[in-house]
Each structure stands twice: as structure tokens, then as C-alpha cells.
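S.K.: 3D model of this:
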Amino acid sequence: MINKEVRDIADALSGIEDGQVVMVGGFGSVGQPDALIEGLIERGARDLTIVANNAGAGRIGLAKLMEAGRVRKIICSFPRSAGSVVFEELFRAGKLELEIVPQGTLAERIRAAGAGIPGFYTATTVGTLLARGKESRVFDGRTYVLEQALHADVALVEAWRTDRMGNCIYRESGRNFNAVMAMAARTTVVQSCGMVAAGVLDSEAIVTPGIFVDRIVVVPETANARIAEAGAA
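M.R.: Below is the predicted model:
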């Protein structure tokens, strides 16, 4: 039987090299694969391009990765959010490149990559600086801007439950960008809150089929943390 579970985080992240494009799931801290981010810091890869919804908060997670000097560029929708001190420090110092993409467009660029669609037209950025240098066309009297699919070398994803074949389900809003990112990378690494036997997951609840997953590492303490967060809310 196919078994995509690896021994530890170091094994899960093997092969990540300097200069690669890495997608990081999550919406702020929700659904963010924190253990994999810590492992990426330990691995030492540099000059990374990070694709994420936010640019981190405080000095943990993505912010910690940037503060360690490992990120050359970030592609995101909301670089400035509550506590985004590291991003602001690095950006003002000219040490970090930024590409802003509207949230819906970011999600669709990632989804397009997973679906094999090279690009699509959208009216979202028409007449703004974000449309500068991009092709535009008129359809039915309205102008649209061409956006290209966004691929990655690696996607780091958090799932609520997985089986050893790589099928994934997500818990509530933890689904966010994780599902589309899992489809858009050459290598998808899943941080799982819990592993179950093949055939246990409800086939109607599986969001990410195992065909899109390459490696799974189980981090059960993440599940406890998520439950505690939900209880506190």
C-alpha cells in the first residue's frame, strides 16, 4: 500500500534548495503549518520566494523565517496586518521584495496552476498600479487584465486529518489556502494533526486527494493547540 508518511520534519523537507518558490498555507495563523516553517528555518535554505496570504505576525512562523534572512521575496495579499513588524522592518530597509496580489486573484492564480490553466483575465486590478506592465483585453465592452498561473517548487500545507495515502481533510477555516496550494506545487508536504488508517476518512469529506501529496509528517501537538485556540475563542 502507498505510504507517504515520513519519519520526521527533516525528512519531510528534504530537497528544498536555495532560491526555490515555497507556498505556505494558512490565513494568518489559522491553518498555518508552523512546524514545517520551523523545520525550514533549521534546514537553512536561502533566497526563497514565499507565497502566502499574509506576511507573518510577531516574530514567529513566517515572520521568524523572514527575520532569519531566508526570504528574498514574498507574494501575498496582506503584507501589513496586526503585528507585521518583521515585514515592515525588512521592507523599509530594502531587504525584502514584495509582490501584492488581490486575495481572490491570488487564490485563482494558485488554483489555475493546479488545474493546468496558464492564465486568466480578471477586472480586479484594472486602472491600478497592479496592472502595470500586464496585458489587457476588452470583453463585452469591459477591460480585463491577464494574470498568470502561480506555480511553486514546494507547498507546505496543514491538514486536520490524513491517511497514509495522502488524502486530506481540513478543519473548518483551516482549509483556506491549503487546498489550492496542495495542487500547485511540484512537491507538496503536509503537516498532519492526525493520521488514520486508509478507508477511514469519509470519501465525501476529502478535499485534497492523495495524488497531490508527496510527503506527510504527523505533528499531533498541533491538533491540541488548534483545539485550545478554538476553546479560547
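
S.K.: the residue of the chain most remote from its centre and Ala159, how far apart?
M.R.: Distance from the C-alpha centroid of the chain peaks at Gly141, with 35.5 Å (Cα atoms, centre = their mean). For Gly141, the distance to Ala159 equals 44 Å [Cβ to Cβ, to the nearest Å]. (Each C-beta comes from the backbone N, C-alpha and C, glycine too.)

S.K.: pretty sure Gln32 is touching Leu62, no?
M.R.: Yes - counting by Cβ atoms under 8 Å, Gln32 touches Leu62, with 7.5 Å between them.

S.K.: what's the overlap in contacts for the two?
M.R.: Common contacts of Gln32 and Leu62 (Cβ atoms under 8 Å, 6 or more residues apart in numbering): Val24.

S.K.: ok, which stretches of this structure are strands?
M.R.: 21-24, 48-51, 71-76, 97-100, 119-122, 136-139, 142-148, 152-159, 161-163, 168-169, 185-192, 195-196, 215-218 (DSSP state E).

S.K.: in TSV: those strands, plus mean neighbour count, distance to Ile110 and mean pLDDT.
M.R.: As requested, the strands of the chain are arranged in TSV below (neighbours: other Cβ atoms under 10 Å; distance: least, Cβ to Cβ, whole Å; pLDDT from 0 to 100):
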stretch	mean neighbour count	distance to Ile110	mean pLDDT
strand 21-24	26	7	98
strand 48-51	24	7	98
strand 71-76	21	10	97
strand 97-100	14	13	97
strand 119-122	15	12	98
strand 136-139	10	22	98
strand 142-148	16	11	98
strand 152-159	27	8	98
strand 161-163	24	20	96
strand 168-169	24	16	97
strand 185-192	24	9	98
strand 195-196	14	26	95
strand 215-218	22	19	97
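
S.K.: in a markdown table, list these along with distance to Ala205.
M.R.: Converted to a markdown table, the strands of the chain look like this (distance: least, Cβ to Cβ, whole Å):
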| stretch | distance to Ala205 |
| --- | --- |
| strand 21-24 | 23 |
| strand 48-51 | 26 |
| strand 71-76 | 29 |
| strand 97-100 | 34 |
| strand 119-122 | 29 |
| strand 136-139 | 37 |
| strand 142-148 | 31 |
| strand 152-159 | 12 |
| strand 161-163 | 9 |
| strand 168-169 | 5 |
| strand 185-192 | 15 |
| strand 195-196 | 12 |
| strand 215-218 | 17 |
